[in-house]
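*Asks:* Coordinates for the following, if possible.
(chains A and B)
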Amino acid sequence: QSVLTQPPSASGTPGQRVTISCSGSSSNIGSHNVNWYQQLPGTAPKLLISTNNQRPSGVPDRFSGSKSGTSASLAISGLQSEDESDYYCAAWDDSLNGPVFGGGTKLTVL
Amino acid sequence: QVQLVESGGGVVQPGRSLRLSCAASGFTFRYYAMHWVRQAPGKGLEWVALISDDGFHEFYADSVKGRFTISRDTSKNSLYLQMNSLRHDDTAVYYCARGTAGMGEVAYFDYWGQGTLVTVSS
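*Replies:* Presented below is the predicted three-dimensional model:
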């Protein structure tokens, strides 16, 4: 059972917009920034969104992040086949005194 | 460019020890906190340990506290994870990841290694 809650799966067709939610509590998302990671099959994770809504260099502007209260979300617009991947949210947790991850969301492009 | 290369994984019996290494290059190692993150087969990501840039502060997940020790050697630009009393549920790919400058008390990992597989099996 992960500290941050994500839906296990999401799907969309090419060109669609999909969102992935990440729910936490006051000790993590409510108090700290959220970062999102993309993990393509068989590869190491990659930083996708930092500090709730910042895209690192090289990340397409189709990816965006937001945070409100104890929840965050990742949005992907203009869905492409190469977006098929696992996505994880993460935040520092004051109670556990360490970073916590969501359980991950497997995105399928239909 | 930033590179992190893990080594030291392998098959080990329950109760035994293993030491992982992570060689860092392409950035000023002593300026950054460093993490270990693991991923059991078919499962999600689990943070394991964090060491501050100066090496004086360490943080551990409850699942490894008292069994694992994170350390760093600035002279060798290397990060280590000493794993003792290994259990079946420690089986995972172990990634080293770069954190922020300073203490690193943020869930921010901007560069990751390719990972090294640890299998705990009798």
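*Asks:* The helix or strand that contains residue B:94 close to chain A?
*Replies:* Applying DSSP states H and E as the criterion places residue B:94 in strand B:92-101. Yes - applying CB under 8 Å from any CB of the partner chain, one finds strand B:92-101 touching chain A at residue B:95. Using the backbone N, CA and C atoms, a C-beta is placed for each residue, glycine as well.
*Asks:* Residues in contact with the helix or strand that that strand is followed by: which ones?
*Replies:* Counting by DSSP H and E, the next helix or strand C-terminal to strand B:92-101 is strand B:111-112. Strand B:111-112 is contacted from outside by A:44-47, B:2, B:4, B:37, B:95-98, using CB atoms under 8 Å, 6 or more residues apart in numbering or on different chains.
*Asks:* can you name the two of the residues you listed that are farthest apart?
*Replies:* Greatest spacing in the contacts of strand B:111-112, by CB to CB: B:2 and B:37 (16.1 Å).
*Asks:* Now do the strands in chain A.
*Replies:* Secondary structure of chain A (DSSP state E): strands located at A:9-12, A:18-23, A:35-39, A:46-49, A:63-68, A:71-76, A:85-93, A:98-101, A:105-109.
*Asks:* What is the longest one packed up against?
*Replies:* Counting contacts by 3 or more CB pairs under 8 Å, 6 or more residues apart in numbering or on different chains; DSSP states H and E, the secondary-structure elements packed against strand A:85-93 are strand A:18-23, strand A:35-39, strand A:71-76, strand A:98-101, strand A:105-109, strand B:45-51.
*Asks:* what residue lies at the spatial centre of chain B?
*Replies:* residue B:36 (2.7 Å; CA atoms, centre = their mean).
*Asks:* Just to check, residue A:41 is in contact with residue A:107?
*Replies:* No - counting by CB atoms under 8 Å, residue A:41 does not reach residue A:107; the two are 11.5 Å apart.
*Asks:* Next up, the contacts around the residue of chain B found nearest chain A.
*Replies:* Taking CB to the nearest CB, chain A has its nearest neighbour within chain B at residue B:107, 3.5 Å off. Counting by CB under 8 Å, 6+ apart, residue B:107 touches A:32-35, A:90-92, A:99-101, B:47.
*Asks:* One more pass at 6 Å, please.
*Replies:* With contacts taken as CB atoms under 6 Å, 6 or more residues apart in numbering or on different chains, residue B:107 has the following neighbours: A:35, A:90-92, A:99.
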